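In: With the sequence up front, the predicted model follows.
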Amino acid sequence: MKHGKKYIDSRKAIDAAKVYESTEALDLVCKNAKAKFDETVEVHIRLGVDSRHADQQVRGAVVLPNGTGKNVRVLVFCKEDKYEAAKAAGAEYVGGQDLVDKIMKENWLDFDVVIASPDMMGMVGRIGRVLGPRGLMPTPKAGTVTPDVAKAVTEAKAGKIEYRLDKTNIIHCAIGKASFGAEKLDENLSTLMEAIVKAKPAAAKGTYLRSCTVASTMGVGVPVLTAKYGV
């Protein structure tokens with residue numbers, strides 16, 4: 001794959017043989033985010049688990065202290081008595097069967113997070129084949145199936161993110177924008193890492209945090225030391 005001059009210059013600024021402290025790694029990421037837009041900073045965490053086994057799944061959600069820098073569009077499925085509370089909390093779309101029909105008939109997907117009250121999951125389940133592959137299906141573990149839909153909307157707007165293993169035992173998460181600066185990004189990273197460490201399955205053996213890399217949208221990956229996170 002051929003890379004541009006900015007990428008090559010960024011690569012030269014990073015010592016390929018070094019694993020960096022998180023603040024230094026994120027400072028490098030921010031300095032090398034040279035695109036004409038505010039690049040998203042992502043973290044990629046390889047875990048010492050086997051996602052093929054149900055007792056070694058790692059999944060959950062956490063509110064990042066400095067948010068994600070993204071304007072999150074929230075859709076809520078709930079009964080009419082909760083419409084006003086959901087809207088007051090900031091939900092862009094609130095409804096029931098009308099929204100299910102719109103998604104099914106129009107392939108409408110102009111939202112980033114889906115929240116549902118438990119009594120609506122029978123209805124929402126009908127569009128699981130549409131929402132599931134896009135990571136939009138609400139789940140109790142992620143806090144997106146809850147009786148308190150207003151609180152869930154508030155958290156989503158404040159920077160709540162979901163983390164989950166992929167098939168290669170890696171978690172990929174956005175932790176903010178390059179414009180945040182290293183300090184705020186490091187606070188977000190630490191909050192996420194603490195949540196992942198707490199979610200360590202009892203069945204996991206050996207080293208849990210195998211590797212951690214941070215990178216901006218168009219930038220070079222920078223390896224991060226994981227020792228300070230405990231496992």
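Out: It's in. Residues are numbered from 1 along each chain as shown.
In: Run a quick neighbour tally on the closest residue in space to Ile127 that isn't next to it in sequence.
Out: Nearest residue to Ile127 in three dimensions, chain neighbours excluded: Ile103, at 5.2 Å (Cβ to Cβ, 6 or more residues apart in numbering). In short, each C-beta sits where N, CA and C put it, glycine included. By other Cβ atoms under 10 Å, the residues close to Ile103 number 20.
In: List the residues that contact Ile103.
Out: Leu109, Ile127, Val130, Leu131 (Cβ atoms under 8 Å, 6 or more residues apart in numbering).
In: same question, Lys177
Out: Listed by Cβ under 8 Å, 6+ apart, the contact set of Lys177 reads Asp38, Glu39, Thr40, Val41, Thr68, Gly69.
In: Of those, which is the nearest to Thr207?
Out: Nearest to Thr207, judged by Cβ to Cβ, of the contacts of Lys177 is Val41 at 24.8 Å.
In: Assign that closest one to helix, strand or coil.
Out: strand (DSSP: H, G, I helix; E, B strand; the rest coil).
In: coming back round to it: could you tell me what pLDDT the model assigned to the residue nearest to Ile127?
Out: If you check Ile103, the pLDDT there is 96.
In: roughly how far apart are it and Gly135?
Out: To Gly135, Ile103 is 15 Å away according to Cβ to Cβ, to the nearest Å.
In: State the distance from the residue nearest to Ile127 to Met218.
Out: In terms of Cβ to Cβ, Ile103 sits 32 Å off from Met218.
In: Can you add secondary structure and give the contacts of Ile103 back as JSON lines?
Out: Shown next, in JSON lines, are these (three-state DSSP):
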{"residue": "Leu109", "secondary structure": "coil"}
{"residue": "Ile127", "secondary structure": "helix"}
{"residue": "Val130", "secondary structure": "helix"}
{"residue": "Leu131", "secondary structure": "helix"}
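In: returning to what we had before: emit the PyMOL select command for whichever of the contacts of Lys177 are buried.
Out: Of the contacts of Lys177, the buried ones can be selected in PyMOL as follows, counting by 16 or more other Cβ atoms under 10 Å:
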select buried, resi 39+40+41+68+69
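In: Name the nearest residue to Thr213, ignoring sequence neighbours.
Out: Gly221 (4.4 Å).
In: show me the contacts for the one you found.
Out: His44, Thr213, Val214, Ala215.
In: Also Leu99?
Out: Contacts for Leu99 were tallied using Cβ under 8 Å, 6+ apart; they are Leu75, Phe77, Tyr93.
In: Now with 10 Å, please.
Out: Going by Cβ atoms under 10 Å, 6 or more residues apart in numbering, Leu99 touches Leu75, Val76, Phe77, Tyr93, Trp108, Phe111, Val114, Met120, Met123, Val124, Ile127.
In: Give me the nearest residue to the fifth one, chain neighbours excluded.
Out: Read it as Trp108. Lys102 (4.8 Å).
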